[in-house]
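Novice: Predicted coordinates and the sequence they were generated for:
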Amino acid sequence: MRNMLAALAGALFGTGLYLSGMTDTQKVQGFLGFFGDWDPTLAFVMGGAILPMAVAWALTRGRRPVVGGDFPERPDPRLDRKLILGAVLFGAGWGLVGLCPGPAMASLGFGGLGGLIFLITMLVGMMIAPKARRILDTTRAAG
C-alpha cells in the first residue's frame, strides 16, 4: 500500500512538473534571465507549491502517517555554511542546465541524452557530497 501511494504521489508530482512547464529547460532558464525575455511563470509554480506545503506542515503536527512511519521534522531555519554552499551549487546547476532533481527525473522519458547525462552527473555529485562535506568539516576543525 505504501509503495503504491508513493508511486501515485510521484506520478502526480511528475505530471504537475510536466503540465506546469518545469521540465522545459528553456522556461526555467527564461525565469532566471532577468535582462532578456523574462518568464515569471516559475514564480507562480513555486508559490503553488509553497502554500500547500505550509498547510501540510500545520496539519501534520501531532499526527502520524496513515501508511506508517513518521512525518519528517521541520527543517532547521538556521543559515549555516553547508546550507549556503549547497544552495549556491544547486542554484548554479539549476541556472546553467535548467533542471533540478524533480524535473530531471520527470524528463527522463523525453529529455534525450542531455537529460540522462544530467541525471548521471547529479547522482555522481550526490555520492561525492558526503565525502566533500567530511573533508570540509575536517579542514575547518583543524584550522
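Specialist: Sure thing, it's come through. Numbers count the residues shown, from 1 in each chain.
Novice: which regions of this structure sit below the pLDDT cut-off?
Specialist: Within the chain, the segments meeting pLDDT under 70 span 111, 141-143.
Novice: got the residue ranges for the helices in the chain?
Specialist: Applying DSSP state H to the chain gives helices spanning 2-20, 25-32, 41-60, 81-97, 101-106, 112-142.
Novice: right, so of these, which gets closest to Glu73?
Specialist: helix 41-60 (10.3 Å; Cβ to Cβ). For the C-beta atoms, the positions are set from N, CA and C on the backbone; glycine is no exception.
Novice: which parts of that closest one are buried?
Specialist: Buried residues in helix 41-60, counted by 16 or more other Cβ atoms under 10 Å: 42, 45.
Novice: That helix vs helix 25-32, what angle?
Specialist: On the basis of axes from the mean of the first three to the mean of the last three Cα atoms, to 10 degrees, helix 41-60 is oriented at 90 degrees to helix 25-32.
Novice: so helix 41-60 versus helix 2-20, what angle?
Specialist: Using the same axes, to 10 degrees: helix 41-60 against helix 2-20 is 150 degrees.
Novice: Please name every helix or strand in contact with helix 41-60.
Specialist: helix 2-20, helix 25-32 (3 or more Cβ pairs under 8 Å, 6 or more residues apart in numbering; DSSP states H and E).
Novice: Indicate which one of the helices of the chain is closest to Gly68.
Specialist: helix 2-20 (6.5 Å).
Novice: any idea which of the helices and strands packed on helix 41-60 is most buried?
Specialist: Comparing the helices and strands packed on helix 41-60 by mean neighbour count (mean count of other Cβ atoms under 10 Å), helix 25-32 ranks first with a mean of 18.
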